[in-house]
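Trainee: Sequence and predicted model, in that order:
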Amino acid sequence: MLVIRSIVASDLDALIDLATQVGGGMTTLKPDRKMLGDRVECAVASFAETIPPHERDYMFALEDTTNGRLAGVCAIKGAVGLTEPFYNYRIGTLVHSSRELNVFTRMETLYLSNDLTGSTELCSLFLQPDYRVGYNGKWLSKSRFLFIVQFQQLFTEKIIAEMRGYLLEDGTSPFYEGLGRHFFKMDFNHVDGLTAMGKKSFIAELMPRQPLYVDYLPQSAREVIGQVHRSTLPARKLLEQEGMHYDGYVDIFDAGPVLQGRVSDLRSVRDSVLRVAAEGRPDGETECLLVSNTKLHDFRMVLAQTTIEGAQVALSAQELALLHCQAGDTVRTLSLNVRKNNG
């Protein structure tokens, strides 16, 4: 069976192996032992509550308990931009008009921005290719919302998710080639790697602070602003189903969209419920439910086919064991799929 759990130090080697498959455009999962080792160490301290909430980086592992394999990962950063700058482009509008010539034009612009500083970030979502079956991807992505609603006091009201931008088959970014290369004079993957290592001072040093007119960019760059990588499209749709939306912010390198949402508007806040775990077979109509324990220090979650209604939720002995729970313990549940009566 599969279980989502808080990451532990012994996962590092498997995490590095997983990161080698990610490819360009995801700066938070580079196959670098020092960087990933620091992240895992931070994650362990985050679950143990030994560092302040705004410094925390909660990483989750999807483990296949039949073979011990790390099937996927995802993460939540407590707050971005408070220890190092967090940059995005904000898409704005400038109006140029001449009453004498009867000319009125609206021009889209890109502003280098730190507007999203302090937001909670959903990041580092990756599923091994051979596990991209059934509900695994949907479950892994949505698991973070159940964690946020259970521990709302640890997060800011605004949450964001940077989506990987559109890349060509050879890994090049049309947006970067049309804009960033003129200022950085280096390949996209090199810039991407520097950012992953936290070396971001060059952004402030080399990028113009003045608005950039979108119409000055080549068509190939303009067309991909706010567009996602092909493999990221399902992830974007899932986040939008949960209450997040695109509001005109994009990544400064590949122009991938930044989705935003308010915790109070999330489906998980509206629809998830605390119930009492019971051992046995479900009685009545069942659905696929995300079921988690309520332990920050040992967070665990399973996907169970069980009843949506009632004060109790029936779980098998194996599911209870994976949750590190016993009958009578409190668990939190959420329907995997958006229910029709909620849109």
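Mentor: Looks like it came in fine. The shown structure was predicted, so the numbers you read here are calculated from the model rather than taken from an experiment.
Trainee: all strands for the stretch 51-200 of the chain, in order.
Mentor: For the stretch 51-200 of the chain, the strands defined by DSSP state E, counting those that start in this stretch cover 57-64, 69-77, 88-98, 103-113, 120-127, 158-162.
Trainee: Save those strands as a markdown table, and put in mean neighbour count too.
Mentor: For the C-beta atoms, the positions are set from N, CA and C on the backbone; glycine is no exception. Compiled in a markdown table, those are given as follows (neighbours: other Cβ atoms under 10 Å):
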| stretch | mean neighbour count |
| --- | --- |
| strand 57-64 | 23 |
| strand 69-77 | 23 |
| strand 88-98 | 14 |
| strand 103-113 | 14 |
| strand 120-127 | 23 |
| strand 158-162 | 22 |
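Trainee: which phi and psi does the residue nearest to R230 when sequence neighbours are not counted have?
Mentor: Excluding the flanking residues, the one nearest R230 by Cβ to Cβ, 6 or more residues apart in numbering is Y166, at 7.8 Å. Phi and psi for Y166, reported as degrees, to the nearest 10, are phi -70, psi 130.
Trainee: begin at 37 from here
Mentor: Fine by me, first position is 37 from now on; the one you just mentioned is Y202.
Trainee: can you pull the contacts of Y202?
Mentor: Contacts for Y202 (Cβ atoms under 8 Å, 6 or more residues apart in numbering) come out as 209-211, 260, 263-266, 290-292.
Trainee: let's go with 6 Å and repeat that
Mentor: Residues in contact with Y202 (Cβ atoms under 6 Å, 6 or more residues apart in numbering) are 260, 263, 265.
Trainee: ok, the last one touching R200?
Mentor: Yes: using Cβ atoms under 6 Å, H265 and R200 qualify as a contacting pair, with a distance of 4.2 Å.
Trainee: What residues of the helix or strand containing R311 count as buried?
Mentor: Per DSSP states H and E: R311 is located in strand 309-315. Using 16 or more other Cβ atoms under 10 Å as the test for burial, strand 309-315 gives 311, 313-314.
Trainee: Of the residues you listed, just say which sits nearest to A84.
Mentor: A313 (24.4 Å; Cβ to Cβ).
Trainee: In terms of pLDDT, where does that closest one sit?
Mentor: Reading off the confidence values, A313 has pLDDT 97.
Trainee: Out of the buried residues of strand 309-315, which is nearest to I40?
Mentor: A313 (16.7 Å).
Trainee: Would you map out the domains in this protein?
Mentor: The chain breaks down into these domains under automatic domain parsing: 38-123+150-303, 308-378.
Trainee: Please produce a markdown table containing the ones you listed, extended by distance to L137.
Mentor: Putting these into a markdown table (distance: least, Cβ to Cβ, whole Å) gives the following:
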| stretch | distance to L137 |
| --- | --- |
| domain 38-123+150-303 | 19 |
| domain 308-378 | 51 |
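Trainee: Between these, which one is closest to E144.
Mentor: Taking the domains of the chain one by one with Cβ to Cβ, domain 38-123+150-303 is closest: 4.1 Å.
Trainee: Low-confidence ranges, the chain, go.
Mentor: Residues of the chain meeting the criterion pLDDT under 70: 60-61, 232-236, 376-379.
Trainee: thinking again about what came up before, what packs against the strand holding R311?
Mentor: Using 3 or more Cβ pairs under 6 Å, 6 or more residues apart in numbering; DSSP states H and E, the elements in contact with strand 309-315 are strand 348-351, strand 366-371.
Trainee: Now do it against strand 366-371, angle only.
Mentor: 110 degrees (axes from the mean of the first three to the mean of the last three Cα atoms, to 10 degrees).
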